[in-house]
Every structure is written in structure tokens, then in C-alpha cells.
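Student: need coordinates for the below:
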Amino acid sequence: MKDKIYDVAIIGAGIVGSMCAFHLSKYKLNIAVLEAGIDVASGTTRANSAIIHAGYDANEGSLKAKLNVKGSLMVEPIAKQLGVHYKRCGSLVIGFNEQDLDHLNRLLVRGKKNGVLGLEIIDEKRLHQMEPNVSKEAKYALYAPTAGIVCPYDLAYATCENACTNGADFFFEYKVDKIEKVGLSFSLYAKEKCVRAKYVINCAGLYADEIAGLISEKLPFEIIPRRGEYMLLDKCEKDTVSHTIFVTPSEKGKGILVSPTVDGNIIVGPNANIVESKADTGVTAEGLQEISQSAVTMVPNINLESVITTFAGVRSTPTSGDFYIKPSTKHPKFIHSAGIESPGLASSPAIALYILKLLEKAGLKLKERSDYITTRTKNGNCKLFCDMTEEERKRAIEKNPANAKIVCRCEMVTEGDIINAIHRPISAHTVDMVKRRTRAGMGRCQGGYCRARVAEIIARELNISVDEVKKFSSNSHILCGRTK
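Tutor: Alright, predicted model coming up:
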């Protein structure tokens, strides 16, 4: 790797790094993506609310506001291009009293200044027509019709697979621990390994400040790790709400929500508690009680007995309150993208374009490719069996009989889906990688039925022993051998 010099190296394959790779791969460039985790979306992107925020919350004039509004409108066409589930369901911020109404009106004014389309305050009659299960005590709501929902890690996988298909190189378990400026390029080390690049984008999320430290630079703010806990309800509760429902926000953030997901579940959360460790994704009884109480306040008849799993993610909260996207003060070809908290998912396509402009200003030549592949993979073959029409399913089974074998009954995932995930441009070679690409193990039984079979298929396709198959990380063995 030392001999090759990339045009651009992206540190981090979360949603911002993924979007940067996606947009850069449209040009005649050699691109490297360096990810400390074992897979794309290993950090905050893997565990968040999956909301495409409309853009009324960020302070007017802030970079966060500008990129949120622009980015939220870009997600849908990108999702359509790459075959990612997206739904513009709209959001409702509900209020219970005059004080809440004052806050909603401030959000309305701010949102209009930010350029959010279609914002309006609705009364309780219309609110309860739109959402019959919302508390009868709710008197008002701020309605944002442009808000949407998407699967965040699927969007990251899709953009990275497209970049990989178009020639980008991905290096996983590559935790950058030293950076040297050598001549006109940067040497990015991970222990004994080295990748060299002329331009670097720091998309390391929670660890962006530590990456800045490797070039002897201190960001002009602190990154505070703030943990958010979630509950996911079974698909039988899918009719609970059809919009994303928020309470009036507080100083901690947008607040706990109740929302549909693109896969047919209901998600509840997150809270927002500062933690000492950036890796603290533990779920607590106190945290679950906190989000349960808030959920019941918004939707009194929500069935929290239908929770099928709980999880937590840690977000990168900047003390500055805004996104920080600027060249290094020491090295103009080293671009920092830091403090990207919510609405980072919604803003990510616009953040990537903003970074591209900074790269151009720093001297990077962007020449469009004539051979750019617009689909997720060369053959575009990423559609899951459960999403196919009956005619598509018949053709899929005729082409590959493995598509007739259901492995995950809860989510109707076939052996063909799993094989396809294993052999896609960025291979799914652990059980959790397969789970996030196919949903095998994400249903009611949470892998109780299918996990062993998934492990067997991975072992067979990769020609390894089943006890070598990992759950997620390189040291997360599932089996230690056969008993019969």
C-alpha cells in the first residue's frame, strides 16, 4: 500500500464518509476508505433514529440548518437510484399547552427561515384525524410533510457498494493511529499498515477530534459522547402511528420519538445522556423506563409489551452546537467533518457536496467519469426476495433454487438473499453483517431460529469452518465446535 498514492482517503465509513465516497466515485479519482470497524456503518450510523429531519430545528443561518434542508431533499433520489427503502411519512411535534404552542410557533418561524417547505401548525382535530392514537391531551402540532424515514445502515451500505463498484478501495479494521505529511501526500498508518493520499477527509465521527490530534491540531470545540437508547416494537404494532411523533424539544435535543420504520416496525427513543466512554452502547433499565414514559405520554395505548429488541447508539455532540466542516488550519488538503450529530443522517448528502467544494478549493481536480455505474452493483442485483413481486420471485427461483429456501421465517429471508449478501462488493462475512443487509435475525425471534443456519451458509460460501464464523467483530465467536 505504501507505493500507491490515492487522490483522496476518507477516514470513517459512517453515513458521511459513505456519502463522500459515493459522490467522489463519480469522478476520475483513486479513492480509499479507511474504517476502524469491521464493516460500513459500525458506529453512530448503525444505531440511530433513522429519521430524515425536515430542517426546522437547527438555528437559522447555521451550517447545520443549511445542510439539513438541502440534504433532506437529496436522500430520496439517492435512495431510489440505489434501491434503498425510503418513505416521506412526515413528522409531527405535538404540544399540550400554551407554553408548548409558543415553542412550536418559534420552530415554525425558524423552519420557514431555514427554507423548510410545507410547515404548518395544526389543531387538535386535524392532529387526531391524522394520528388517532396520539394522546387526546395533545392540543397542537407542528406538521412537517417533508420529513422522512430510511434505514441508515442500508443507505450507507448502498452508497459504499456503489463507490466500491466504481473502483473505490475499502480498508476495514483500519484504525488510523499515526499520520505523517510526506512531501505532497499524507501517510495514514494503522499499526504496521500504511495508506498514502494527497487529500484526506476526516469523517471519524465520535473520534474526529482524535484524528485531528494526529496532525497536532485541536478542534475549536469538544466532542461530548451522548448515548441514546431505543426500543423496537414488533411489526404487529405497525399501525400505532404513521408519522414520526415528537414531543416539544428540550435543551438536550429533539426529544424522544415514536415513529414507523421503513421495514414495518415501530421505533421508540432516544433519550440523551452524557457518557464517559465513546463506546458505551449499553442499555439500562433506567433509560428504557425514561423512553417508555415519554412514549406513553405521546401515544397512551402503545403496546410496549411488543418490544422485540433494545439497543443504544452514541452520538457526537459538539459543544459549539453546529457542524464543523473546514480544512485543517495547518494542512488545507486535510478536511475535517466533525460534530456531526442529528440531523447528520438527513444532512449527509449535502455535507458530502460541501466537502467536495472544499476539496476543489484546495486544488483537487474533479473530472466526471464517462463509465460511472449508477446502480448499487454492476448487475444491480440487491433486491431482497421479500420485496419482489410474485413474477420477480418466480424468475429468481428459476435462476437460483436457493431463493426457494426460506432461512429467516420472521422476515422471509431466503438462502439466495444471504448468498447474495456474502458475495456483494463489500462482503457480509459475519452473522450481523448478513443480518443488517438482509434482515435475517431482525424479526420477532431475533435470530433464535435462523442464526445457526446463517452461520452455516457463511462458512460454506467462504470455505471456512463454522466455528470460524463471527457474530460481528473479529473476536465475537458464536460456536466453538460441533456437538454431533
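Student: any low-confidence regions in the stretch 251-400 of the chain?
Tutor: Scanning the stretch 251-400 of the chain for pLDDT under 70 picks out 251-254.
Student: pull the contacting residues for the spatially closest residue to residue 13 that is not a sequence neighbour.
Tutor: With sequence-adjacent residues excluded and distances taken as CB to CB, 6 or more residues apart in numbering, residue 13 is closest to residue 35, at 3.9 Å. All C-beta spots, glycine's among them, are computed from the backbone N, C-alpha and C. Taking CB atoms under 8 Å, 6 or more residues apart in numbering, we find residue 35 in contact with 12, 13, 17, 42, 170, 171, 172, 173, 174.
Student: hang on, the second one packs against residue 156?
Tutor: Yes: under the contact definition of CB atoms under 8 Å, residue 13 touches residue 156, with a separation of 7.1 Å.
Student: the more surrounded of these two?
Tutor: Neighbour tally, residue 13 and residue 156, criterion other CB atoms under 10 Å: the higher count belongs to residue 13, 34 against 29.
Student: can you name the residues that contact that one?
Tutor: Contact analysis of residue 13 by CB under 8 Å, 6+ apart lists 21, 33, 35, 37, 39, 40, 41, 42, 156, 160, 170, 203.
Student: turn these into a markdown table, columns for pLDDT and distance to residue 304.
Tutor: As requested, the contacts of residue 13 are arranged in a markdown table below (pLDDT from 0 to 100; distance: CB to CB, whole Å):
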| residue | pLDDT | distance to residue 304 |
| --- | --- | --- |
| 21 | 98 | 39 |
| 33 | 98 | 39 |
| 35 | 98 | 35 |
| 37 | 95 | 31 |
| 39 | 96 | 31 |
| 40 | 97 | 32 |
| 41 | 97 | 27 |
| 42 | 94 | 29 |
| 156 | 98 | 29 |
| 160 | 98 | 35 |
| 170 | 98 | 39 |
| 203 | 98 | 36 |
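Student: between the two ends of stretch 201-219, how far is it?
Tutor: 14 Å (CA to CA, to the nearest Å).
Student: in that stretch, what counts as buried?
Tutor: By neighbour count with 16 or more other CB atoms under 10 Å, stretch 201-219 contains the buried residues 201-212, 214-215, 217, 219.
Student: what is the nearest of these to residue 8?
Tutor: Minimum distance to residue 8 across those is 6.7 Å, recorded for residue 201 (CB to CB).
Student: so what's that closest one bridging to?
Tutor: residue 10, residue 335 (DSSP bridges).
Student: surely it is in contact with residue 18?
Tutor: No: contact criterion CB under 8 Å: residue 201 and residue 18 do not qualify, at 11.5 Å.
Student: now the helices: where do they sit in the stretch 351-484 of the chain?
Tutor: Ranges of helices in the stretch 351-484 of the chain, per DSSP state H, counting those that start in this stretch, are 390-399, 415-422, 431-438, 451-462.
Student: let's see the longest helix along the chain as PDB, backbone CA atoms only.
Tutor: Secondary structure assigned by DSSP state H gives helix 63-82 as the longest helix of the chain. Output in PDB follows, covering the C-alpha atoms of helix 63-82 (Å, rounded to 0.1, in the frame of the first residue of the first chain):
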ATOM      1  CA  LEU A  63     -24.400  25.300   8.700                       C
ATOM      2  CA  LYS A  64     -26.500  22.600  10.300                       C
ATOM      3  CA  ALA A  65     -29.700  24.300   9.100                       C
ATOM      4  CA  LYS A  66     -28.500  24.900   5.600                       C
ATOM      5  CA  LEU A  67     -27.200  21.400   5.000                       C
ATOM      6  CA  ASN A  68     -30.200  19.700   6.700                       C
ATOM      7  CA  VAL A  69     -32.700  21.300   4.500                       C
ATOM      8  CA  LYS A  70     -30.700  20.700   1.300                       C
ATOM      9  CA  GLY A  71     -29.700  17.200   2.300                       C
ATOM     10  CA  SER A  72     -33.200  16.000   3.300                       C
ATOM     11  CA  LEU A  73     -34.400  16.600  -0.200                       C
ATOM     12  CA  MET A  74     -31.400  14.700  -1.700                       C
ATOM     13  CA  VAL A  75     -31.900  11.500   0.200                       C
ATOM     14  CA  GLU A  76     -35.000  10.300  -1.700                       C
ATOM     15  CA  PRO A  77     -33.500  10.400  -5.200                       C
ATOM     16  CA  ILE A  78     -30.300   8.700  -4.000                       C
ATOM     17  CA  ALA A  79     -32.300   6.000  -2.300                       C
ATOM     18  CA  LYS A  80     -34.300   5.500  -5.400                       C
ATOM     19  CA  GLN A  81     -31.100   5.300  -7.500                       C
ATOM     20  CA  LEU A  82     -29.600   2.600  -5.200                       C
END
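Student: buried residues in that helix?
Tutor: Neighbour counts over helix 63-82 (16+ other CB under 10 Å) mark 63-76, 78-79, 82 as buried.
Student: quick one, helices of the stretch 1-150 of the chain?
Tutor: With DSSP H, counting those that start in this stretch, the ranges of helices along the stretch 1-150 of the chain come out as 15-24, 63-82, 98-114, 124-130.
Student: out of those helices, which comes closest to residue 435?
Tutor: Ranking the helices of the stretch 1-150 of the chain by distance to residue 435, with CB to CB as the measure, places helix 15-24 first at 18.6 Å.
Student: now what about the closest one, what contacts it?
Tutor: Residues outside helix 15-24 that contact it (CB under 8 Å, 6+ apart): 8, 10-11, 13, 31, 33, 35, 40-41, 45, 78, 152, 155-156, 159-160, 162-163, 168, 201, 203, 205, 337, 340, 344-345, 348-349, 351-353, 355-356.
Student: hmm, 7 Å instead?
Tutor: 8, 10, 31, 33, 40-41, 45, 152, 155-156, 159-160, 162-163, 168, 201, 203, 337, 340, 344-345, 348-349, 351-353, 355-356 (CB atoms under 7 Å, 6 or more residues apart in numbering).
Student: before we move on, back to that, list only buried entries from the contacts of residue 35.
Tutor: Neighbour counting with 16+ other CB under 10 Å marks 12, 13, 17, 42, 170, 171, 172, 174 as buried within these.
Student: distance of residue 296 from residue 133?
Tutor: According to CB to CB, to the nearest Å, residue 296 stands 11 Å off from residue 133.
Student: overlap in contacts of these two?
Tutor: With CB under 7 Å, 6+ apart, residue 296 and residue 133 have no common neighbours.
Student: how about the residue nearest to residue 4 when sequence neighbours are not counted, what does it touch?
Tutor: Computed as CB to CB, 6+ apart, the closest residue to residue 4 that is not its neighbour in sequence is residue 196, at 7.0 Å. Applying CB under 7 Å, 6+ apart to residue 196 gives the contacts 2, 4, 5, 6, 185, 186, 187.
Student: re earlier: so which of the helices of the stretch 351-484 of the chain comes closest to residue 101?
Tutor: helix 431-438 (40.6 Å).
Student: before we move on, back to that, which outside residues touch the longest helix of the chain?
Tutor: By CB under 7 Å, 6+ apart, helix 63-82 touches 52-55, 58-59, 86, 88, 114-116, 146, 148, 150, 155, 158-159, 162, 322-323, 325, 343, 346-351, 354, 374, 376.
Student: quick check: chain neighbours aside, which residue is closest to residue 234?
Tutor: Counting by CB to CB, 6+ apart, residue 234 lies nearest to residue 306, which is 4.4 Å off, once chain neighbours are set aside.
Student: give me the number of residues near the closest residue to residue 372 other than its chain neighbours?
Tutor: Computed as CB to CB, 6+ apart, the closest residue to residue 372 that is not its neighbour in sequence is residue 26, at 5.2 Å. Residues near residue 26, counting by other CB under 10 Å, number 18.
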